[in-house]
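Trainee: Here's a sequence, model it:
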Amino acid sequence: MNGSRLHRLLLSAAVLAGALVTLNAPAAQAHYSQCPSGHFCVWQHSSYEGRFFSSDRDTPNVGSYMNDRTTSVWNRSNRTVCMYRNQNYDYPMGCYLPGGSSAALPIHNDTLTSFRFENV
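Mentor: Model prediction:
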């Protein structure tokens with residue numbers, strides 16, 4: 001095998017090994033520090049971990065990614081945010097004042113489908 005072919009073979013093996021390491025890397029975990037200012041943020045698990053979703057506007061349906069999967073919330077907006085069990089703001093579950101949060105929802109765990117910013 002000449003030097004050029006060997007070099008290409010070794011380079012290909014290195015690229016493949018790097019790709020395998022990348023594919024096996026663990027997914028980044030959500031953390032409360034990911035919640036942007038001005039947003040209402042929700043996490044799948046307690047203590048602001050797991051799946052993450054945030055928005056700075058009314059959300060009539062959080063989508064299948066987070067629907068009925070919310071356990072932690074943080075309102076980083078300057079407005080009250082109200083949560084609802086059903087889409088389109090049906091079946092109110094409670095509201096969070098600006099800065100309000102819960103690392104583990106005491107009730108309504110895994111039932112959030114929509115939320116709305118209130119003009120108070």
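
Trainee: Any regions of this structure where pLDDT drops low?
Mentor: Within the chain, the segments meeting pLDDT under 70 span 1-30, 120.

Trainee: Would you map the helices across it?
Mentor: 3-23 (DSSP state H).

Trainee: neighbours around residue 87, how many?
Mentor: 15 (other Cβ atoms under 10 Å). C-betas here are computed from N, CA, C, even on glycine.

Trainee: out of everything not next to it in sequence, what's closest to it?
Mentor: Distances taken as Cβ to Cβ, 6 or more residues apart in numbering place residue 61 nearest to residue 87, at 4.3 Å, with adjacent residues excluded.

Trainee: burial of the one you found, as a residue count?
Mentor: 15.

Trainee: Then residue 49?
Mentor: Neighbours of residue 49 using other Cβ under 10 Å come to 16.

Trainee: List the beta-bridge partners for it.
Mentor: residue 45 (DSSP bridges).

Trainee: Tell me how far it lies from residue 104.
Mentor: Plainly put, residue 49 is 11 Å away from residue 104 if you go by Cβ to Cβ, to the nearest Å.

Trainee: which neighbours do these two share?
Mentor: Common contacts of residue 49 and residue 104 (Cβ atoms under 8 Å, 6 or more residues apart in numbering): residue 72.

Trainee: Grab the most central residue of the chain for me.
Mentor: Of all residues in the chain, the one closest to the mean position by Cα atoms, centre = their mean is residue 52, 0.9 Å from it.

Trainee: my read: that residue touches residue 39, true?
Mentor: No. Applying Cβ atoms under 8 Å as the test, residue 52 and residue 39 come out as separate, 10.7 Å apart.
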